[in-house]
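**Student:** Return a 3D structure for these sequence lines:
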Amino acid sequence: MVTAKLAYPIDEAFQLISVSRTKGYQLIADGTLKTYRAGKRRLCSHAALVACQKAMEKAADGRKAA
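**Tutor:** Take a look at the predicted model:
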């Protein structure tokens, strides 16, 4: 049985949504990708990845319609 993790290190999160480190940090800075700190580590929840992916899809659809 394959289950999703509840949280991912940010580098792994960037890979999962197929963005570069630079683009990933831009998504964090503009609030599209929510992260949190656990000690010294920055993590991203599975739910935040799903929300970010949906936001990126919505933004892409908006550009196609224009």
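
**Student:** Just give me the residue right at the centre of this structure.
**Tutor:** residue 49 (4.0 Å; C-alpha atoms, centre = their mean).

**Student:** Now do whatever helix or strand that residue lives in: which elements does it pack against?
**Tutor:** Secondary structure assignment for residue 49, by DSSP states H and E: helix 46-65. Secondary-structure packing of helix 46-65 (3 or more C-beta pairs under 8 Å, 6 or more residues apart in numbering; DSSP states H and E): strand 7-9. Yep, even glycine has a C-beta here, placed from its N, CA and C like the rest.

**Student:** Provide a list of residues in contact with the nearest residue to residue 51 once chain neighbours are set aside.
**Tutor:** Nearest residue to residue 51 in three dimensions, chain neighbours excluded: residue 34, at 7.3 Å (C-beta to C-beta, 6 or more residues apart in numbering). For residue 34, the contact set (C-beta atoms under 8 Å, 6 or more residues apart in numbering) comprises 44, 45, 48, 51, 52.

**Student:** Take those and write them to a markdown table, including pLDDT and neighbour count.
**Tutor:** Formatted as a markdown table, the contacts of residue 34 follow (pLDDT from 0 to 100; neighbours: other C-beta atoms under 10 Å):
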| residue | pLDDT | neighbour count |
| --- | --- | --- |
| 44 | 97 | 25 |
| 45 | 95 | 16 |
| 48 | 96 | 19 |
| 51 | 96 | 14 |
| 52 | 96 | 22 |
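
**Student:** Run a quick neighbour tally on residue 57.
**Tutor:** Applying other C-beta atoms under 10 Å, we find 10 residues neighbouring residue 57.

**Student:** Need the pLDDT of the residue nearest to residue 51.
**Tutor:** With respect to pLDDT, residue 34 has a value of 97.

**Student:** State the distance from it to residue 9.
**Tutor:** 15 Å (C-beta to C-beta, to the nearest Å).

**Student:** ditto for residue 36
**Tutor:** Residue 36 is 12 Å from residue 9, by C-beta to C-beta.

**Student:** Give me the nearest residue to residue 41, chain neighbours excluded.
**Tutor:** Nearest one to residue 41, counting by C-beta to C-beta, 6+ apart, is residue 9 at 6.5 Å.
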